[in-house]
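Trainee: prediction below, plus the sequence it came from.
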Amino acid sequence: MFGRNSIAFRHLRGRGNGAVECISAGVTRSGQGVDAAMAQGKAIYLDHNAGAKLRLAVADAMRELIGFTGNASSVHAPGRAARAQIEAARSAVAALAGVEATNVVFTSGATEANVMALSPVWVDGRGSRGFDRLLVGACEHPSVLSGGRFAADAVETLAVDGQGRVNVARLSQRLGELAAEGRSVLVSVMAANNETGVIQPLEEIGQAAREVGATLHVDAVQAAGRIPLDLARWQADSAAVSAHKIGGPQGAGALVLRNAGLHPAPLLTGGGQERRKRAGTENVLAIAGFGVAARIALDEIADWERLGVLRDGLERDLLHIRGETCVFGQEAPRLANTSCFAAPGMPAETVLIALDLEGIAVSSGAACSSGKVSSSHVLAAMGVDRDLARCALRVSLGPDTDADEIEAFVAAWRRVSARMGTGGAGRAA
């Protein structure tokens with residue numbers, strides 16, 4: 001029932017556009033609200049950085065496994081079948097990350113993977129390796145900014161420029177100062193920002209870390225499946241990835257290691273799961289879905305450049321409609337699917353409600369801050385004025401986003417903008 005020909009071991013082919021079909025794929029409609037529109041399969045979903053739509057191939061694979069009760073730690077046939085599902089998924093995630101399968105440690109999500117990596121103690125073949133300083137980028141996800149398992153007074157924040165990129169010269173200087181003091185340092189920088197899509201200069205950051213013997217962790221959650229992951233080229237020792245950002249289920253992630261022999265001390269202890277790196281019975285259903293999503297994401301990675309054409313056209317239209325619109329991070333390399341912008345005088349909270357009533361789902365920033373609309377720590381670190389930052393919206397496209405949906409968003413934006421007033425010449429930030 002769960003052999004090599006099962007859906008969980010292959011993503012679907014020969015179904016037209018089946019490999020990129022997603023649950024509740026949208027078509028253009030307005031005036032009915034996102035909840036109602038999604039119930040009818042008609043919403044326009046432009047918030048893929050918060051969570052991608054569950055791919056049909058993933059849903060099919062997981063549906064096949066519902067009710068399966070084998071524990072992957074058991075030696076009987078159901079246990080071996082569960083183990084086979086996990087190891088197939090491990091190979092798929094490893095291929096997406098460009099590492100060996102033994103270097104993938106499954107977790108409950110990327111937050112856990114980040115906290116696991118941000119440990120003052122790492123382990124290698126010779127014993128433990130201690131860190132007494134953690135350097136994190138100012139635009140990091142809250143799971144990194146919180147410092148993981150480091151004491152608060154051991155965490156330092158790295159400044160970014162106006163585009164949101166880490167100042168590598170300042171990083172090198174600080175690493176040199178800490179090395180001169182005899183400090184051992186762990187550095188954590190994201191590959192691409194979840195709010196702006198800005199891509200960090202990881203090769204330069206990795207080189208700066210390597211020159212003084214520092215260890216580098218990368219939050220690669222937004223980058224996975226959108227740009228190639230290459231821990232060796234980045235000289236990164238670990239990276240965090242998440243299933244639900246690539247069309248997999250929520251509740252599954254992984255810490256990816258460049259060298260399986262060098263890893264953080266376990267965050268969860270007890271059983272011997274995940275080669276004693278992460279205790280706890282594995283979530284076979286979610287991990288299997290993660291594996292299917294990873295296979296599809298790797299196959300489609302080149303297709304994401306198509307979204308850059310749609311994104312760039314969207315930004316041109318926004319500037320034409322309301323000239324003082326500011327596009328954040330536009331002068332830096334960005335993920336092709338992401339646009340973060342603000343129009344002065346159009347508060348994000350008001351605009352989000354208006355777009356929701358049009359049946360369009362976008363975000364005012366990171367979904368981890370949902371439940372409130374407040375100014376972004378990312379934009380604050382970039383030096384953006386607080387009042388302008390409160391107007392910031394994020395549009396993030398996905399594999400099934402098409403020109404009709406972008407046109408519908410632009411039309412809705414034009415209507416909302418007309419109700420709220422107009423302005424002058426556009427600019428980038």
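Mentor: Thanks, I have it. Values in this document were obtained by computation on a predicted structure and should not be read as measured data. Numbers count the residues shown, from 1 in each chain.
Trainee: what about the longest helix in this structure?
Mentor: Ranked by residue count, the top helix of the chain under DSSP state H comes out as helix 77-97.
Trainee: and that one, what's its mean pLDDT?
Mentor: Mean pLDDT, computed over helix 77-97, is 95.
Trainee: and that helix, what does it pack onto?
Mentor: strand 104-107, strand 238-242, strand 253-257, helix 284-300 (3 or more Cβ pairs under 8 Å, 6 or more residues apart in numbering; DSSP states H and E). Glycine gets a C-beta too; all of them are placed from N, C-alpha and C.
Trainee: the third one versus strand 238-242: what angle between them?
Mentor: Taking axes from the mean of the first three to the mean of the last three Cα atoms, to 10 degrees, one finds strand 253-257 and strand 238-242 inclined to each other by 160 degrees.
Trainee: send me the longest helix of the chain as PDB with only the CA atoms.
Mentor: Provided in PDB are the C-alpha atoms of helix 77-97 (Å, rounded to 0.1, in the frame of the first residue of the first chain):
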ATOM      1  CA  ALA A  77       6.500  -4.100   8.900                       C
ATOM      2  CA  PRO A  78       4.400  -1.000   9.600                       C
ATOM      3  CA  GLY A  79       7.300   0.600  11.400                       C
ATOM      4  CA  ARG A  80       9.600  -0.100   8.400                       C
ATOM      5  CA  ALA A  81       7.000   1.400   6.100                       C
ATOM      6  CA  ALA A  82       6.900   4.500   8.200                       C
ATOM      7  CA  ARG A  83      10.700   4.700   8.200                       C
ATOM      8  CA  ALA A  84      10.700   4.300   4.400                       C
ATOM      9  CA  GLN A  85       8.400   7.300   4.100                       C
ATOM     10  CA  ILE A  86      10.600   9.400   6.300                       C
ATOM     11  CA  GLU A  87      13.800   8.500   4.500                       C
ATOM     12  CA  ALA A  88      12.300   9.100   1.100                       C
ATOM     13  CA  ALA A  89      11.300  12.600   2.300                       C
ATOM     14  CA  ARG A  90      14.700  13.100   3.800                       C
ATOM     15  CA  SER A  91      16.400  12.400   0.400                       C
ATOM     16  CA  ALA A  92      14.000  14.900  -1.300                       C
ATOM     17  CA  VAL A  93      14.700  17.700   1.200                       C
ATOM     18  CA  ALA A  94      18.400  17.000   1.000                       C
ATOM     19  CA  ALA A  95      18.300  17.300  -2.800                       C
ATOM     20  CA  LEU A  96      16.500  20.600  -2.500                       C
ATOM     21  CA  ALA A  97      19.100  21.900   0.000                       C
END
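Trainee: so what touches that helix?
Mentor: With contacts defined as Cβ atoms under 8 Å, 6 or more residues apart in numbering, helix 77-97 is touched by 2, 8-9, 65, 68-74, 100-101, 103-104, 106, 220, 224-225, 229, 231, 239, 241, 246, 254, 256, 282, 284, 287-288, 290-292, 294-295, 297-298.
Trainee: what's near enough to touch the closest residue to Ser396 other than its chain neighbours?
Mentor: Computed as Cβ to Cβ, 6 or more residues apart in numbering, the closest residue to Ser396 that is not its neighbour in sequence is Asn49, at 3.7 Å. By Cβ under 8 Å, 6+ apart, the residues touching Asn49 are Asn194, Glu195, Gly197, Gln222, Lys245, Asn337, Thr338, Ser363, Ala367, Arg394, Ser396.
Trainee: of the residues you listed, which belong to strands?
Mentor: Among those, the members falling in strands (DSSP state E) are Thr338, Arg394, Ser396.
Trainee: now these as a markdown table including distance to Leu319, neighbour count and pLDDT?
Mentor: Shown next, in a markdown table, are those (distance: Cβ to Cβ, whole Å; neighbours: other Cβ atoms under 10 Å; pLDDT from 0 to 100):
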| residue | distance to Leu319 | neighbour count | pLDDT |
| --- | --- | --- | --- |
| Thr338 | 17 | 27 | 98 |
| Arg394 | 17 | 25 | 97 |
| Ser396 | 19 | 27 | 98 |
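Trainee: turn the residues you listed into CSV, columns for distance to Ala94.
Mentor: Formatted as CSV, those follow (distance: Cβ to Cβ, whole Å):
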residue, distance to Ala94
Thr338, 26
Arg394, 30
Ser396, 26
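Trainee: quick check, nearest of those residues to Arg316?
Mentor: Set against Arg316, the nearest of the ones in strands among the contacts of Asn49 by Cβ to Cβ is Thr338 (15.8 Å).
Trainee: identify the residues contacting that closest one.
Mentor: Contact analysis of Thr338 by Cβ under 8 Å, 6+ apart lists Asn49, Ala192, Thr196, Gly197, Gln222, Arg311, Arg394, Val395, Ser396, Leu397.
Trainee: quick one: which of the residues you listed is most hemmed in?
Mentor: Scoring the contacts of Thr338 on neighbours with other Cβ atoms under 10 Å, the highest-scoring entry is Thr196 at 31 neighbours.
Trainee: Val327 is in contact with that one, correct?
Mentor: No. With contact defined as Cβ atoms under 8 Å, Thr196 does not reach Val327; the gap is 9.2 Å.
Trainee: now do the shared contacts for those two.
Mentor: Cys340.
Trainee: for the nearest residue to Gly308 once chain neighbours are set aside, give me its contacts.
Mentor: Among residues not flanking Gly308 along the chain, Ala336 sits closest, at 3.4 Å (Cβ to Cβ, 6+ apart). Residues near Ala336 by Cβ under 8 Å, 6+ apart: Arg226, Trp304, Glu305, Arg306, Leu307, Gly308, Arg311, Leu397.
Trainee: and of those, the nearest to Gly272?
Mentor: Proximity of these to Gly272 (Cβ to Cβ) peaks at Arg226, which lies at 34.2 Å.
Trainee: wait, a strand at the closest one?
Mentor: No. Read with DSSP: H, G, I helix; E, B strand; the rest coil, Arg226 is coil and lies in no strand.
Trainee: next SSE downstream of the lowest-mean-pLDDT helix or strand in the chain?
Mentor: Ranked by mean pLDDT, DSSP states H and E, the helix or strand of the chain with the weakest confidence is helix 34-39, at a mean of 49. Counting by DSSP states H and E, the next helix or strand C-terminal to helix 34-39 is strand 44-45.
Trainee: which elements pack onto that next one?
Mentor: The helices and strands touching strand 44-45, judged by 3+ Cβ pairs under 8 Å, 6+ apart, are strand 360-361, helix 403-420.
Trainee: most tightly surrounded among these?
Mentor: Ranked by mean neighbour count, the helices and strands packed on strand 44-45 are led by strand 360-361 with a mean of 25 (mean count of other Cβ atoms under 10 Å).
Trainee: quick one: strands adjacent to that one?
Mentor: strand 44-45 (parallel) (DSSP bridges).
Trainee: noted, bye for now.
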